[in-house]
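>>> Just a sequence and a predicted model for now, questions to come.
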Amino acid sequence: MKTKKKSRFLTFCFSLLPGAAEMYMGFMKTGVSMMILFFAVIMLSVWIQQGVLGMLALVVWFYGFFHANHLASLPDEEFDQVKDEYLLGMDTLPGVKNVVEKYHKWVAWLLIFVGICFLWSSVTDLLSDVLPDAYDFIPIMMWRIGNYIPSLVIGAVIIFAGIKMISGKKAVIMDDNEKENQEPVNNGLENKEL
């Protein structure tokens with residue numbers, strides 16, 4: 001699909017939903033990736049019950065709004081030069097295959113965790129439908145436990161990643177200090193032949 005400047009009013013209206021105005025103007029890759037990012041952040045924040053993460057959706061919304069209106073205001077020559085690219089360098093990856101190969105253990109653990117959460121939720125719903133009213137406490141307890149597990153696990157992963165980043169930074173600083181200590185100091189004095 002060819003990109004083309006369109007009605008400024010309709011572009012403004014579509015820009016109220018991240019990615020829609022870009023798709024309206026023909027930037028399908030940019031629009032789709034922005035829309036996926038916006039809704040993925042919202043879904044993740046609801047799923048793990050962390051409203052703070054939902055603030056990122058607000059950042060994506062503002063970016064999408066101003067990006068679309070900026071594109072619409074470009075002169076024709078500059079508008080024609082704009083490339084349709086996926087956000088966050090998604091087009092540099094030849095699909096998910098590269099990510100899965102590089103981080104296959106992390107991807108596997110993430111899939112196992114998501115699978116366990118879905119299974120837990122399904123078993124909780126099944127037990128609430130099957131068990132008599134006298135045993136309602138079992139699915140209620142399962143639901144309460146399952147309600148907090150994603151937040152607890154993701155919080156622990158974030159803390160672990162932060163600790164790894166700090167310890168990695170310390171190692172880099174220590175390596176830099178060791179290199180500086182090993183280099184000979186030349187105070188501008190050169191060896192002169194006597």
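Yes, it's here.

>>> quick one: least confident helix or strand in this structure?
One helix or strand of the chain scores below all others by mean pLDDT, DSSP states H and E: helix 96-102, with a mean of 57.

>>> where are the low-confidence patches of the protein?
1-5, 89-104, 107-108, 111, 169-194 (pLDDT under 70).

>>> Tell me which stretches of it form helices.
Secondary structure of the chain (DSSP state H): helices at 8-14, 20-24, 28-47, 54-73, 76-81, 96-102, 104-130, 137-182.

>>> Using a markdown table, lay out these together with mean neighbour count and distance to residue 88.
All C-beta spots, glycine's among them, are computed from the backbone N, C-alpha and C. Shown next, in a markdown table, are those (neighbours: other Cβ atoms under 10 Å; distance: least, Cβ to Cβ, whole Å):
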| stretch | mean neighbour count | distance to residue 88 |
| --- | --- | --- |
| helix 8-14 | 15 | 22 |
| helix 20-24 | 22 | 15 |
| helix 28-47 | 18 | 7 |
| helix 54-73 | 16 | 11 |
| helix 76-81 | 10 | 21 |
| helix 96-102 | 11 | 12 |
| helix 104-130 | 12 | 17 |
| helix 137-182 | 11 | 18 |
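
>>> possible to save these as JSON lines with distance to residue 87?
Below are those laid out as JSON lines (distance: least, Cβ to Cβ, whole Å):
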{"stretch": "helix 8-14", "distance to residue 87": "17"}
{"stretch": "helix 20-24", "distance to residue 87": "10"}
{"stretch": "helix 28-47", "distance to residue 87": "4"}
{"stretch": "helix 54-73", "distance to residue 87": "9"}
{"stretch": "helix 76-81", "distance to residue 87": "18"}
{"stretch": "helix 96-102", "distance to residue 87": "15"}
{"stretch": "helix 104-130", "distance to residue 87": "20"}
{"stretch": "helix 137-182", "distance to residue 87": "22"}
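
>>> Could you double-check that residue 42 sits in contact with residue 55?
No. Using Cβ atoms under 8 Å, residue 42 makes no contact with residue 55, being 10.8 Å away.

>>> which other residues reach stretch 124-143?
Under the contact criterion Cβ atoms under 8 Å, 6 or more residues apart in numbering, stretch 124-143 has outside partners 120, 123, 146.

>>> Report the separation between the closest residue to residue 30 other than its chain neighbours and residue 68.
Once flanking residues are discounted, residue 30 sits nearest to residue 22: 4.6 Å by Cβ to Cβ, 6 or more residues apart in numbering. For residue 22, the distance to residue 68 (Cβ to Cβ, to the nearest Å) stands at 6 Å.
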